[in-house]
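Peer 1: What would the 3D arrangement of this be:
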Amino acid sequence: QVQLAESGGGLAQAGGSLRLACAASGRTFSNYHMGWFRQTSGQGREFVAAITGSGGRTKYADSVAGRFTVSRDNANKTAYLQMNSLKPEDTAVYYCASRSSVSIYITTDVSSYGYWGPGTQVTVSS
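Peer 2: Numbering: from 1, shown residues only. Model (predicted):
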């Protein structure tokens, strides 16, 4: 059974940084793309970033490109989201997710990710 668990959320000031981690267990971590999504109250989950199984390709939402960096450590089955130059509008619950199946195509589609962590709150104060 695949299990994901985020850590590293918290409170930051605008312009500051946070680093989220996502620890995975239950299957061969390096075979699957990982994604980061976020959700605010009353809204659907919004794509933030994704990374292929090897870590060779990444994709970002326009709103975070140039500020956030997604990476992964396959030996330790952990994905990361480094968030710099944080803005109040980055405030949300952040989720890591793993693709349901092996694919060569990186996707922003939330329905393609079948496994999710419980989420971690990120709050950015102005």
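
Peer 1: Tell me who's in contact with the closest residue to Arg67 other than its chain neighbours.
Peer 2: Computed as CB to CB, 6 or more residues apart in numbering, the closest residue to Arg67 that is not its neighbour in sequence is Ser85, at 4.6 Å. To be clear about C-beta, it is placed using only N, CA and C from the backbone, and glycine gets the same treatment. By CB atoms under 8 Å, 6 or more residues apart in numbering, the residues touching Ser85 are Gly15, Ser17, Arg67.

Peer 1: Go again with 10 Å.
Peer 2: Ala14, Gly15, Gly16, Ser17, Val64, Gly66, Arg67, Phe68 (CB atoms under 10 Å, 6 or more residues apart in numbering).

Peer 1: Show me which of the residues you listed is closest to Thr58.
Peer 2: Phe68 (9.9 Å; CB to CB).

Peer 1: Now the residue nearest to that closest one when sequence neighbours are not counted. Its backbone dihedrals?
Peer 2: Once flanking residues are discounted, Phe68 sits nearest to Met83: 5.1 Å by CB to CB, 6+ apart. Phi and psi for Met83, reported as degrees, to the nearest 10, are phi -120, psi 110.

Peer 1: The one 10 residues further on now?
Peer 2: Phi and psi for Val93, reported as degrees, to the nearest 10, are phi -90, psi 130.

Peer 1: how about the residue nearest to it when sequence neighbours are not counted, what does it touch?
Peer 2: Counting by CB to CB, 6+ apart, Val93 lies nearest to Gly119, which is 4.3 Å off, once chain neighbours are set aside. Contacts for Gly119 (CB under 10 Å, 6+ apart) come out as 4-6, 9, 37-39, 45, 92-96.
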